[in-house]
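Q: I need the structure of the sequence given here:
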Amino acid sequence: QLVESGGGLVQPGGSLTLSCQGFGFTLDDYTIAWFRQAPGKEREAVSCLSSSDDETYYTKSVKGRFTISRDNAKNTVNLQMNSLKPEDTAVYYCAASTFTMATLEGFYDYWGQGTQVTVSS
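A: Predicted coordinates:
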């Protein structure tokens, strides 16, 4: 099971850190990704981190603003989001895959329930 936390309402330019905690399995055995889905849009991969932590992916719109990292002691993967924009508003999901650095949701076997991020003044 994956459980996300850390979403909320933030003003443009602000920051949030999302956390994805694993229960029942060890996250560092998997590629972990953050996806997001905005109203009326398809779900997209925002960022992912390989099981060896030596590869990362960021979609173009978040490069330089978001950072994905792993905390093995807490069995969590975090997404630090800075300089948030209204277009970052979405439900954010974390997911786990045995496929290295997959960005298509069909490759992900485990999903969290999602956490809402709203960027608005």
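
Q: most centrally placed residue in the protein?
A: W34 (2.4 Å; Cα atoms, centre = their mean).

Q: give me the three-state assignment for that one.
A: Judged by DSSP: H, G, I helix; E, B strand; the rest coil, the three-state class of W34 is strand.

Q: now swap in A73 and tell me
A: Per three-state DSSP, A73 ends up helix.

Q: how close does it sit to G22?
A: Here the criterion is Cβ to Cβ, to the nearest Å. By it, A73 lies 12 Å from G22. Yep, even glycine has a C-beta here, placed from its N, CA and C like the rest.

Q: just to revisit the earlier point, give me the beta-bridge partners of the residue nearest to the centre of the chain?
A: S47, C94 (DSSP bridges).

Q: my guess is it meets V91, correct?
A: No. Using Cβ atoms under 8 Å, W34 makes no contact with V91, being 11.1 Å away.

Q: returning to what we had before: what sits against the residue nearest to the centre of the chain?
A: 18, 20, 45-48, 68, 77, 79, 92-95 (Cβ atoms under 8 Å, 6 or more residues apart in numbering).

Q: what's near enough to touch the residue nearest to S121 when sequence neighbours are not counted?
A: Nearest non-adjacent residue to S121, counting by Cβ to Cβ, 6 or more residues apart in numbering: Q11, 5.4 Å away. Applying Cβ under 8 Å, 6+ apart to Q11 gives the contacts 119-121.
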